[in-house]
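Chemist: When you get a sec, could you give me coordinates for this:
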Amino acid sequence: MSKNIVGIDLGTTFSALAVLNSIGKPEVVPNKDGYRLTPSAVYFPEEDPDKTLVGLEALNARRGSPKRVARWIKRCMGESEYPEDVAGRKWSPAELSSFILTKLKNDCFQQVGEIEDVVITVPAHFDEVRRKATMDAGKMAGLNVVGIVNEPTAAALFYAATKNVSGRILVFDLGGGTFDVTVMDVIGQKVNIICSQGDHKLGGCDFDRKVLEMFERAYKDKFGRSLIVLDTDKADYEDKAEDAKKILSKAPTVQQMLAGEEGRTPCKITREAFEEAMSPYMARIDMLVETALDEAKMKASDANQVLFVGGSTRIPLVRQRVEKMFGFAPTTTVNVDEAVALGAALHAGLILMETEPSRVPKGIVAGLRDIENNDVANGSYGTICLSVDEETGDSVLINDPLIQKNSSLPCEVTKTYYTAVDGQETIEANVTEGEEDDPENAKRIATGEMSLPPGRPAGRPVRVTYSYDRNQRMHCVFEDVESGEILTMDIDTQSGGVSQEDVSRSRSVLEQFQVE
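Modeler: Purely as a prediction, here's the structure:
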């Protein structure tokens, strides 16, 4: 019996799950409380240490037990530890994210049945470490992560499959914690990605923080003392700041009563003042959009449509800036909060049709037959090697890219290097990410050492092959041509320093918690 085909939008502030119905149409599955979006918050109740609460109840618990709640976890994805102890314990962001995924999985099971194979979304600009950590979170939750997909790509798939979208398209994805801008060509239901830019720490929660700063400044101007003294106060005013931001998307002013240790005072915020506070973030967004247009070798006027995705696109200033830049209004013909999850479900179906077609019901095959998605590499990937300086003739170390950013996926590149000295018995193999030429500043995402036969002269060939699959996962092979010695590095097992044994160990620990 086939299981449900699922896409999950693992968001900074909210997460959502969608399944493909019997004719290949994606549908959001509400959580057990009936909400289509689940807050990405995790709470460990003091009175029940074997239980974990995820969602609205966890978010509300911040007001009474802020040290027992984790949120905005996605911003830390790929780091070894969440920056704060939660319930007196250190957690990795992948572990905390696995509780969110488990909640979505359990709630889905109660309504539509068993799920196992999923696609999880990531920001387009996520590096290898963050991508792997996202996949690890899925495995810890007992899910078979058949793929990951860039969030703008997922949204574009849903737009292309359900709406009249065609030509050179720009997806503008501004969510609760991250921003992505992706340029693509859409022909019918075929999506060809050109390039992406983004920032994993730019989104609605940053705008909330600006409102919170306005609250604090107004109180200090009145009483000369801080408004927020306790963590419980901060949680309360974070919620009030978010509410004020939402009101300012509909009204020109908002008023909030501030109550601190020195007394109470009203605080009035105008939309104009809020937009001024947002200006540094909007400047950053403008720069990223311009960089994406430059990479795509196009002007704003070349775009046929701008597709809005993410809840923060509801802010009037965002729409105004985009309309001014492109000369036309952006498109919002879908639910901007759900488009990513819905597109991820479509992507999951496409992956399974390609890899395990016998498991995909005929109705879904028929529904997805005309949909096609072609993505690109989110970054450049290379290795450290010796090169000759053209000006001095000296040998110097450089970071040499093999796979260039925005290469069509899947792709494979082979390049031959040569041993540097007589009698060289080892090679230090480095896999790097990014365009940095200087090896001192290059980001190494995997390292290894390969033994060579002794007693050979310099200049022996070493063949290096990088293959990059549709899920933007790397497979690297370093081969000593004469001896046949091979060193293989799957970035999926090395990035972020977390082995598959670590993932299995974490899953065993996390399974002891009852997730609700």
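
Chemist: so what's Cys108 up against?
Modeler: The neighbours of Cys108, taking C-beta atoms under 8 Å, 6 or more residues apart in numbering as the test, are Asn4, Val6, Leu17, Val19, Val29, Ile115. For the C-beta atoms, the positions are set from N, CA and C on the backbone; glycine is no exception.

Chemist: again but with Ala296, I slipped
Modeler: Counted by C-beta under 8 Å, 6+ apart, Ala296 has contacts Val183, Ile194, Cys195.

Chemist: OK, contacts around the residue lying closest to the last one once chain neighbours are set aside?
Modeler: Spelled out, it's Cys195. Excluding the flanking residues, the one nearest Cys195 by C-beta to C-beta, 6 or more residues apart in numbering is Glu295, at 4.2 Å. Shown in contact with Glu295 (C-beta under 8 Å, 6+ apart): Val183, Ile194, Cys195, Gln197, Asn406.

Chemist: same check, this time on Thr182
Modeler: Per C-beta under 8 Å, 6+ apart, neighbours of Thr182: 124, 150, 152-153, 156, 170-171, 173, 193-197, 292.

Chemist: Relative to Met298, how far out is it?
Modeler: Using C-beta to C-beta, to the nearest Å, Thr182 is found at 13 Å from Met298.

Chemist: on that earlier part again, can you redo the contacts of Ala296 as CSV with neighbour count?
Modeler: Output for those, formatted as CSV (neighbours: other C-beta atoms under 10 Å):
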residue, neighbour count
Val183, 25
Ile194, 19
Cys195, 22
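
Chemist: Narrow these to those in strands?
Modeler: Among the contacts of Ala296, the members falling in strands (DSSP state E) are Val183, Ile194, Cys195.

Chemist: Distance check, the first one against Gly363.
Modeler: The reference is to Val183. 33 Å.

Chemist: likewise the last one?
Modeler: Cys195 sits at a distance of 35 Å from Gly363 (criterion: C-beta to C-beta).

Chemist: in the top helix by length along the chain, what's buried?
Modeler: Longest helix in the chain by number of residues (criterion: DSSP state H): helix 271-295. For helix 271-295, burial by neighbour count (16 or more other C-beta atoms under 10 Å) applies to Arg271, Phe274, Glu275, Ala277, Met278, Tyr281, Met282, Ile285, Leu288, Val289, Ala292, Leu293.

Chemist: Same check on stretch 198-213?
Modeler: Buried-residue list, stretch 198-213, by 16+ other C-beta under 10 Å: 198-200, 202-208, 210-212.

Chemist: Quick one: which of those has the lowest pLDDT value?
Modeler: Within these, pLDDT reaches its minimum at His200, with 88.

Chemist: who are the neighbours in contact with that one?
Modeler: Lys74, Arg75, Met77, Pro123, His125, Phe126, Arg130, Gly177, Thr178.

Chemist: Relative to Pro30, how far out is the spatially closest residue to Asn374 that is not a sequence neighbour?
Modeler: Nearest non-adjacent residue to Asn374, counting by C-beta to C-beta, 6+ apart: Asn192, 4.7 Å away. Using C-beta to C-beta, Asn192 is found at 33 Å from Pro30.

Chemist: circling back to that earlier point, same list (the ones in strands among the contacts of Ala296) but as CSV, adding pLDDT.
Modeler: Listed next are the ones in strands among the contacts of Ala296 as CSV, based on pLDDT from 0 to 100:
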residue, pLDDT
Val183, 96
Ile194, 95
Cys195, 94
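
Chemist: thinking again about what came up before, tell me how far the longest helix of the chain lies from the chain's centre.
Modeler: Chain-centre distance of helix 271-295: 20 Å, with C-alpha atoms, centre = their mean, to the nearest Å.

Chemist: which strands and helices sit next to the helix or strand immediately after that helix in the chain?
Modeler: Using DSSP states H and E, the helix or strand that follows helix 271-295 towards the C-terminus is strand 305-309. Applying 3 or more C-beta pairs under 8 Å, 6 or more residues apart in numbering; DSSP states H and E, one finds that strand 305-309 contacts helix 151-162, strand 167-174, helix 316-326.

Chemist: quick check: angle from strand 305-309 to strand 167-174?
Modeler: Strand 305-309 runs at 30 degrees relative to strand 167-174, counting by axes from the mean of the first three to the mean of the last three C-alpha atoms, to 10 degrees.

Chemist: Point out where the stretch 1-150 of the chain drops to low pLDDT.
Modeler: Residue ranges of the stretch 1-150 of the chain with pLDDT under 70: 1-2.

Chemist: That one: helices as residue ranges?
Modeler: Ranges of helices in the stretch 1-150 of the chain, per DSSP state H, counting those that start in this stretch, are 56-61, 93-112, 128-140.

Chemist: which parts of stretch 37-55 are buried?
Modeler: For stretch 37-55, by 16+ other C-beta under 10 Å, it's 37-45, 52-55.

Chemist: got a list of what Lys405 touches?
Modeler: Counting by C-beta under 8 Å, 6+ apart, Lys405 has contacts Cys195, Val376, Ala377, Asn378, Gly379, Ser380, Glu435.

Chemist: ugh, typo on my part, it should be Val481
Modeler: Thr416, Arg460, Pro461, Val462, Arg463.

Chemist: Now that we have these, which of them are buried?
Modeler: Buried among the contacts of Val481 (16+ other C-beta under 10 Å): Arg460, Val462.
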